[in-house]
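Chemist: Here you go, sequence then predicted model.
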Protein chains: 2
Amino acid sequence: MENNTAATQAKVSIITIGDELLIGQVVDTNSAWMAQQLNLAGFNVHHRVAVGDTWEDIWEALNQESERANIVLITGGLGPTADDITKPLLCEYFGGKLVQHAPTLAHLEQLFSQVLKRPLTDRNRKQAEVPDVCTVLLNERGTAPGMLFEKNNRLFFSMPGVPHEMQGLMQKHVLPLLQQRFNPGIVEHRYLLTAGIGESDLADRIEAFETALPAFIKLAYLPHYGMVRLRLTARGVQNDTSVITTLNEQFALLQTYVTDVMVVNEDITMQALVGKLLKARKQTLATAESCTGGYISHLITAMPGASSWFTGSVVSYSNKIKETVLHVLSDTFTTAGAVSEETVIQMLAGILGEMETDYGIAVSGIMGPDGGTPEKPVGTVWVAVGSRKRLETKKFQFRYDRARNIEMTAVNALNMLRKVIEETHPL
Amino acid sequence: MENNTAATQAKVSIITIGDELLIGQVVDTNSAWMAQQLNLAGFNVHHRVAVGDTWEDIWEALNQESERANIVLITGGLGPTADDITKPLLCEYFGGKLVQHAPTLAHLEQLFSQVLKRPLTDRNRKQAEVPDVCTVLLNERGTAPGMLFEKNNRLFFSMPGVPHEMQGLMQKHVLPLLQQRFNPGIVEHRYLLTAGIGESDLADRIEAFETALPAFIKLAYLPHYGMVRLRLTARGVQNDTSVITTLNEQFALLQTYVTDVMVVNEDITMQALVGKLLKARKQTLATAESCTGGYISHLITAMPGASSWFTGSVVSYSNKIKETVLHVLSDTFTTAGAVSEETVIQMLAGILGEMETDYGIAVSGIMGPDGGTPEKPVGTVWVAVGSRKRLETKKFQFRYDRARNIEMTAVNALNMLRKVIEETHPL
């Protein structure tokens, strides 16, 4: 492989192998993760393809992707069981024969005796066999080794489909190797999150800005949960600092068009933004969740370090728990109903009292598909957010399926709280 | 289009369009959903490809997929903003010109005036333009219409990438149309979930069974969260009942090989299985979650109807909440620690008392990446499950990243509860 291809010209294809992807049993999260990491390192994925565990389809994918890319990343099809045909295929495709790889066998023996505490079977031992034409990439997190093949000035990386094993191989071997072989150019993104404006209206508003953008900067609209994220992407050769300067100027200019609808000018989730605001203020949050069933709490606690600002949640799925744990008055269910402004206000007071936090979020709604009435159809949600001093309530009417109604409720409740924090406690 | 191709011979390709998929900003959940629905209807996806918002790449994908498939499903690239080039491309590819589609315009006018309550802009109005060579599939859930093109005996369906809009179009138009045009053959799956046995050991154990399978039945291993799912798939021509009879016989035979490690002999999530067991027994559950932060509660409440057996959860992310809401003795944190058998036993007692349910789940652990100690490294989790009469505790040591440790904890805790319910309350 010669060293003269810049990363900006490098074309990456991803091939994922596995019947389970084609029958929809498994959602392909690997490709998104790989693309993100490659992007950060300055490499662009041009094409992604998924094929089943079928000899001809895998063979054809290798042929086609090597025509359009000079880096081909392959995941899946490397487990120990009989439905895996990828390794013998790669062996034949690159003209090698299977041989035992001593370091991999030693790793397997160590893994089985020390960690799994099971005897190594013949089937496991076969996983140490690799084509003699590849460079083995040791998989510290599992049994199937990664493999690097080179052919016609192209690099082919084969990795198992188990996400944390693939991720380990990417970080330890694939990305460092690509950065060493190629000269990564500049690929810089700037993100801006808006709320309360549709994609079309936003596009109308910034049309003049978009038209005047220099050719090396591209604008993209990324709608997500009823909010629109804008992305500016600049590309250039390594060390050309003017690219970044211009990108920053354009990004500052873009923000002047959307001051009133901008949530934040970085690539950050709503829950991470709320956490950042609370940490900076040394304040705390707890949630009282009915219809979201713990999803807001899950979004928050999925982030490391949330314990410094999040104390917990009461998921009051039944009305009785709203009464006994959150002290909602039982009369309220009769007079106003469980999905009402009165209920979420009392839930908020209850959680602020129980958890002794600075802020709280309380939600109650009808997520569907059942439970709607003419007065309160599916998608009706009441949200209360605030502190002991400041309360905001809002009624939403979502029109989606259960999963999306839950997500919309969570993101919008967090956004309501974000505004209250920024307004009541500016830094 | 002639009517003589059976669905079993029909080959489906999925093309997803969008830069956001190639930089990993968005995980492609559409493809999995589409593949599942097609599979249920007897159609097989052979190939899936993702390309960016680039004219040549989309054009080439259309060429290549129409060579290998007779049904091509396209999602994405149909929003109202300037980065969308799919519609003009499709127009040119199929040799048409853009014309205004009156029913779509009427739908847009109704949507903006009645639901969105905003004026219709020129940009929105452009969404009612369609190539004059397509059949328009009305998108009731959004602004971008679906389109059907036919060329060289092949069907091309174009749909927006917004999941709930795509899903509406698939259910209302695409699937009925495919079933009408093709003769769906038999594609039947049987699933079986095992726990406590690795993929290799399982494969060794059922090797004789697998070798003796008839050619029209295939076996696949689908590892997920430390458990292995087995799938038998039979294919045959429509109305050949012997295919199903043989499949059922083989499925019954397979179960005799795995009696001791089988969790359930259907395609059901662990949380749905627990719900099914509790509903049949008219019993209830509540959870006390520390390290899972509401994720178990979220898994449960993501299912419609969970309120009949799930009352709620206390997410006691801080120790203080473990004390005040769940009545864990403060001494316990000093003597045994927050991640200990003593703590989860008291959390379980606390949640059973607070929520007055038949069963409870309590978890406490260290999910990482920080917070580990030599005695309690990252991945250490204590779980307690049970009722007032029967208690089971177990210590787990997971070795993954934060997200996977949370998921492993949830699935394993639910599986512990599943066993307790089945043993203490057999039907």
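Modeler: Here it is on my side, so go on.
Chemist: going forward, measure contacts and count neighbours with C-alpha atoms only.
Modeler: Noted.
Chemist: now for the host helix or strand of A:Ile14, which elements pack on it?
Modeler: Using DSSP states H and E, A:Ile14 sits within strand A:11-17. In terms of contacts (3 or more CA pairs under 8 Å, 6 or more residues apart in numbering or on different chains; DSSP states H and E), strand A:11-17 is packed against strand A:44-51, helix A:55-68, strand A:71-75.
Chemist: can I get the ones you listed in JSON lines with mean pLDDT and distance to chain B?
Modeler: Below are those laid out as JSON lines (pLDDT from 0 to 100; distance: least, CA to the nearest CA, whole Å):
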{"stretch": "strand A:44-51", "mean pLDDT": "92", "distance to chain B": "4"}
{"stretch": "helix A:55-68", "mean pLDDT": "94", "distance to chain B": "8"}
{"stretch": "strand A:71-75", "mean pLDDT": "97", "distance to chain B": "13"}
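Chemist: B:Leu78 is nearest to which of these?
Modeler: Of all the helices and strands packed on strand A:11-17, strand A:44-51 sits nearest to B:Leu78, with 19.2 Å by CA to CA.
Chemist: can I see the domain layout of chain A?
Modeler: Using automatic domain parsing, the domain parsing of chain A gives A:11-181, A:186-264, A:270-424.
Chemist: from these, which stretch is densest packed?
Modeler: Across the domains of chain A, averaging neighbours per residue (mean count of other CA atoms under 10 Å in any protein chain shown) puts domain A:270-424 on top, at a mean of 21.
Chemist: Now do the end-to-end distance for that domain.
Modeler: Start to finish, the residues bounding domain A:270-424 are 18 Å apart (CA to CA, to the nearest Å).
Chemist: Quick check: mean pLDDT of it?
Modeler: Per-residue pLDDT over domain A:270-424 has a mean of 96.
Chemist: again, but for stretch A:78-90
Modeler: Mean predicted confidence for stretch A:78-90 is 79.
Chemist: can you list contacts of stretch A:75-95?
Modeler: The contact list for stretch A:75-95, computed with CA atoms under 8 Å, 6 or more residues apart in numbering or on different chains, reads A:14-18, A:53-55, A:58-59, A:97-98, A:123-124, A:126-127, A:130-133, A:144, A:149, A:151, A:158-162, A:166, B:199-200, B:203, B:219-221.
Chemist: Let's see that with 7 Å instead.
Modeler: With contacts defined as CA atoms under 7 Å, 6 or more residues apart in numbering or on different chains, stretch A:75-95 is touched by A:15-18, A:53, A:97-98, A:123-124, A:127, A:131, A:144, A:158-161, B:199-200, B:203, B:220.
Chemist: same question, stretch A:107-116
Modeler: Contact with stretch A:107-116 is made by A:118-120, A:143, as judged by CA under 7 Å, 6+ apart.
Chemist: Please export the C-alpha coordinates of it as CSV.
Modeler: What follows is stretch A:107-116, C-alpha atoms only, in CSV (Å, rounded to 0.1, in the frame of the first residue of the first chain):
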residue,chain,number,x,y,z
HIS,A,107,-5.6,-15.8,24.0
LEU,A,108,-8.5,-18.2,23.7
GLU,A,109,-6.9,-20.7,26.2
GLN,A,110,-6.3,-17.8,28.7
LEU,A,111,-9.9,-16.5,28.2
PHE,A,112,-11.5,-19.9,28.7
SER,A,113,-9.4,-20.9,31.7
GLN,A,114,-9.3,-17.6,33.5
VAL,A,115,-12.5,-15.7,32.6
LEU,A,116,-15.1,-18.1,31.2
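Chemist: Figure out how far that stretch is from the centre of its chain.
Modeler: Computed by CA atoms, centre = their mean, to the nearest Å, the chain-centroid distance of stretch A:107-116 equals 32 Å.
Chemist: wait, isn't A:Ala32 in contact with B:Val27?
Modeler: Yes. A:Ala32 is within contact range of B:Val27, at 5.6 Å (criterion: CA atoms under 7 Å).
Chemist: Please identify every residue contacting each of the two.
Modeler: B:Leu21.
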